[in-house]
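**Q** Have a look at this fold, sequence not included:
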Ligand code: SF4
Ligand code: SF4
């Protein structure tokens, strides 16, 4: 029996819970009970609309070049950026000479190398190609395309996504406003077309691609806990590389079923917005997704498709209330870019934010500048979040459930979490001596 | 039954209901903190491990002391 079922039903009804999962007529797959593989814990509530609302009069498609990576020179000032880069180089050399743990050659080599698969793809490039790479289509096999009910199709896709490395998967109806209006100097448009394509001026997404499959990929928690060092950067890059493999594999699988698939990681549109719609988590103080199972310890990716599937609902597990009293990410942020405001608002911090949705908006250029300043990036806000846990003791599940149901206890839980020493920086030196799981992640985590 | 030498005789002292409830809660409390300590060890969380272990040991020893005290009083 799953740990979460133990809490929900108690020992007495264990038999009922177990037998519920295996009933169904002989030879008939019971999709209803199998769908529970992909359900959130019992204390997560489904809601009709994301909790942090959207102002429909304002919210619209974002130009990707406005994001902090595309316009850092504009936001930070070119001279400031040069000076920053000079300081960063000096520091890097100094750290090499000092053989400072987390900043040595081996640490940096690991961080770089973990990008290797991620670097095989880009917007409609390589592993993220919008069209078929090599998979055999049903047409070529001389058979009809895959046909099933939307709920069966959703189950099939979620099973395949997990097989390719997704920790959690959700399906949403694609809100076009989450998709960038331009990227790489080309317009991104929705047209009546059979297949996606790209020419000199535009990139075309077929209008029939009405579904967005959102996925989380678990990052190696022992790496991120060493933030800010190259060991923690290796955790992020490993997450991105696993996203790359996941979206490439899932897109080819969908094409193999006879449907269109457009894979994407951080490109193409807001993975966070899609993931919130698909019920994978809530928006936290960091203006990033916090999942009930893994907290912020996830990377996000998505695949757009025309395969009809049952869609999931947004969720509420009391995160907004928790973030109001917690502020641990803001306290741990060395650049001071995370909001300390008690309430989320519609007020953006700068052009890098897409206006029209409620959030705790962040001062992104400060964050990116600190990545350079630290010489190795930063993940402090992920490492310190009380929702980041390894899930090896029942106490975390009890606290999460109680927080979701009794928000009045949030402040108490937060101070207990601090007292127990969670979120403290781990030693990059020790990381090399630890007996890690493959990819640095425990794939059993969050699966009950 | 032949003679008392062939058997262990277990005597359970009659106690009020709330005492049994307290004993049960004490066991649950101990199991909870023992599990938390083991889990924290697996999570490589040293401070959580130490705190859980201290709570477990203090609860265990306090409970045992109270129990022994009760036995002593009863014998008197
Ligand atoms: S990554 Fe570091 S600098 Fe950026 S928001 Fe998080 S804690 Fe702050
Ligand atoms: S650290 Fe606290 S405030 Fe920040 S995202 Fe996590 S729960 Fe919210």
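**A** Thanks, I have it. All figures in this text were calculated on a predicted structure; none of them were measured in a lab. Ligands and ions are numbered 1, 2, ... in the order given.

**Q** Now do the contacts for the residue most central in space within chain A.
**A** Central residue of chain A (Cα atoms, centre = their mean): residue A:300, 2.7 Å from the mean position. If you count contacts by Cβ atoms under 8 Å, 6 or more residues apart in numbering or on different chains, residue A:300 has them with A:214-217, A:243, A:265-266, A:271-272, A:274-275, A:280, A:289. The way it works is simple: take the backbone N, C-alpha and C, and place the C-beta from them, glycine included.

**Q** So what's the residue count around the residue of chain B found nearest ligand 2?
**A** Nearest residue of chain B to ligand 2, counting by Cβ to the nearest ligand atom: residue B:45, 16.8 Å away. Counted with other Cβ atoms under 10 Å in any protein chain shown, the neighbours of residue B:45 add up to 25.

**Q** swap in residue A:350?
**A** The burial metric for residue A:350, expressed as a neighbour count using other Cβ under 10 Å, is 14.

**Q** Look up phi and psi at it.
**A** phi 180, psi 180 (degrees, to the nearest 10).

**Q** What's the separation between it and ligand 2?
**A** Using Cβ to the nearest ligand atom, to the nearest Å, we find residue A:350 at a distance of 20 Å from ligand 2.

**Q** Can you check the pLDDT for that residue?
**A** With respect to pLDDT, residue A:350 has a value of 95.

**Q** Then residue A:31?
**A** At residue A:31, the pLDDT value in this model is 47.

**Q** Same question for residue A:37.
**A** At residue A:37, the model reports a pLDDT of 80.

**Q** Show me where chain B has its strands.
**A** If you assign secondary structure with DSSP state E, chain B ends up with no strands.

**Q** ok, now chain A?
**A** Listed in chain order (using DSSP E), the strands of chain A are A:45-46, A:121-122, A:125-126, A:168-173, A:182-183, A:186-191, A:197-198, A:202-206, A:211-218, A:261-264, A:282-283, A:289-290, A:298-305, A:315-316.

**Q** Now do the contacts for the residue nearest to residue A:313 when sequence neighbours are not counted.
**A** Leaving out its chain neighbours, the residue that sits closest to residue A:313 by Cβ to Cβ, 6 or more residues apart in numbering or on different chains is residue A:46, at 4.2 Å. Contacts for residue A:46 (Cβ under 8 Å, 6+ apart) come out as A:279, A:312-316.

**Q** Switch the residues you listed over to JSON lines; also include distance to ligand 1.
**A** As requested, the contacts of residue A:46 are exported to JSON lines (distance: Cβ to the nearest ligand atom, whole Å):
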{"residue": "A:279", "distance to ligand 1": "25"}
{"residue": "A:312", "distance to ligand 1": "28"}
{"residue": "A:313", "distance to ligand 1": "29"}
{"residue": "A:314", "distance to ligand 1": "24"}
{"residue": "A:315", "distance to ligand 1": "23"}
{"residue": "A:316", "distance to ligand 1": "24"}
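
**Q** For those, which two are the farthest from each other?
**A** Largest separation among these by Cβ to Cβ: A:312 and A:316, giving 13.2 Å.

**Q** Low-confidence ranges, the chain, go.
**A** If you meant another chain, say so; for now it's chain A. Along chain A, segments meeting pLDDT under 70 span A:1-36, A:448.

**Q** actually chain B
**A** Low-confidence segments of chain B, defined by pLDDT under 70: B:1-4.

**Q** longest single helix anywhere in it?
**A** Looking across chain B with DSSP state H, the single longest helix is helix B:46-75.

**Q** That helix packs against which elements?
**A** Helix B:46-75 makes packing contacts with helix B:17-42 when contacts are defined by 3 or more Cβ pairs under 8 Å, 6 or more residues apart in numbering or on different chains; DSSP states H and E.

**Q** Run the chain-centre distance for the helix it packs on.
**A** With Cα atoms, centre = their mean, to the nearest Å as the basis, the distance from the averaged C-alpha position of helix B:17-42 to the chain average is 8 Å.

**Q** With stretch A:297-310 instead?
**A** Relative to its chain's centre, stretch A:297-310 lies at 11 Å (Cα atoms, centre = their mean).

**Q** just stretch A:96-104 next, same as before
**A** 31 Å.

**Q** Name the surrounding residues that touch that stretch.
**A** The set of residues external to stretch A:96-104 that reach it, using Cβ under 8 Å, 6+ apart, is A:92, A:95, A:105, A:107, A:226, A:229-232, A:375-376, A:427-429.

**Q** Which pair of the residues you listed spans the longest distance?
**A** Farthest apart among those by Cβ to Cβ are A:92 and A:427. That separation is 20.2 Å.

**Q** quick one on the thing from earlier: turn the contacts of residue A:300 into JSON lines, columns for distance to residue A:412 and neighbour count.
**A** Listed next are these as JSON lines, based on distance: Cβ to Cβ, whole Å; neighbours: other Cβ atoms under 10 Å in any protein chain shown:
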{"residue": "A:214", "distance to residue A:412": "33", "neighbour count": "28"}
{"residue": "A:215", "distance to residue A:412": "34", "neighbour count": "31"}
{"residue": "A:216", "distance to residue A:412": "28", "neighbour count": "29"}
{"residue": "A:217", "distance to residue A:412": "32", "neighbour count": "28"}
{"residue": "A:243", "distance to residue A:412": "36", "neighbour count": "30"}
{"residue": "A:265", "distance to residue A:412": "38", "neighbour count": "26"}
{"residue": "A:266", "distance to residue A:412": "36", "neighbour count": "19"}
{"residue": "A:271", "distance to residue A:412": "33", "neighbour count": "25"}
{"residue": "A:272", "distance to residue A:412": "29", "neighbour count": "20"}
{"residue": "A:274", "distance to residue A:412": "34", "neighbour count": "28"}
{"residue": "A:275", "distance to residue A:412": "29", "neighbour count": "30"}
{"residue": "A:280", "distance to residue A:412": "27", "neighbour count": "31"}
{"residue": "A:289", "distance to residue A:412": "25", "neighbour count": "25"}
